[in-house]
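Asks: 3D, please:
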Amino acid sequence: MLDLLLGVEEEYLRQDASRGAEGCAPFSHILMKEPWALTKRPQYTLVYRRGSTYADNLIVMKVLPNKLSLSRYGFSVTKKVGKAVQRNRLKRLLREIARLQLVKPGWDIVFIVRPEAVSAEYHQVEKTVTKLLAKAQLLQ
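Replies: Below you'll find the predicted structure:
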C-alpha cells in the first residue's frame, strides 16, 4: 500500500516538475488554499470589526489594511441570499470579478452579498464591485 502511495506522490512531483514547481511539498497544489483567499474565521472577524464599510444595493464591502505584499479576498453569502446553487454562483462570479480587478496590494477585502444580487447579471455585479473598490480608493 505504501509503495502505491509513494508511486502516486512521485507522479505528482514529476508533473509539478514539468510545470516548473520544483521543490514543492508533495501534494501541495492539492492541499493548500490560494494565497489571496481569507480562509480562517479570525481573519473574517478582524475585517468585520475593524474594517471600513462601503455599501451598495447588491454588495457590502469591508476592507482592512493587512501589511502584506498582496490583497486577500473573502466572500460571505448567507442562506438568506438563496439556496446553495444561487450562493455558489454568486461566489464564482465574485471570485472571477476580483481576479480581474487591479487592486492595490496590502488589503483584506470581504464582499458580503445581499439577497438582491441573486437576480443580477454578471455586468451589474462587476459594475458594483468596481464602484465599491473605486470608492475605497483601492484600484490601481
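Asks: Please read off the pLDDT at residue 74 from the model.
Replies: Per-residue pLDDT puts residue 74 at 91.
Asks: repeat for residue 23
Replies: 44.
Asks: repeat for residue 49
Replies: For residue 49, pLDDT reads 92.
Asks: Show me how far the host helix or strand of it is from its chain's centre.
Replies: For residue 49, the host element (DSSP states H and E) is helix 41-50. Offset of helix 41-50 from its chain centre (CA atoms, centre = their mean, to the nearest Å): 15 Å.
Asks: mind listing what's buried in the helix or strand following that helix?
Replies: Using DSSP H and E, the helix or strand that directly follows helix 41-50 along the chain is strand 52-55. Within strand 52-55, the residues that count as buried by 16 or more other CB atoms under 10 Å are residue 54. Glycine gets a C-beta too; all of them are placed from N, C-alpha and C.
Asks: C-terminal to strand 52-55, what's the next element?
Replies: Taking DSSP H and E, what comes next after strand 52-55 is strand 59-65.
Asks: Residues contacting that following strand, please?
Replies: 46-48, 50-55, 94, 106-114, 117, 125, 128-129, 132-133, 136, 138 (CB atoms under 8 Å, 6 or more residues apart in numbering).
Asks: and the next element down the chain from it?
Replies: Next along the chain after strand 59-65, taking DSSP H and E as the criterion, comes strand 72-76.
Asks: what residues are up against residue 132?
Replies: Residue 132 makes contact with 54-56, 59, 61, according to CB under 8 Å, 6+ apart.
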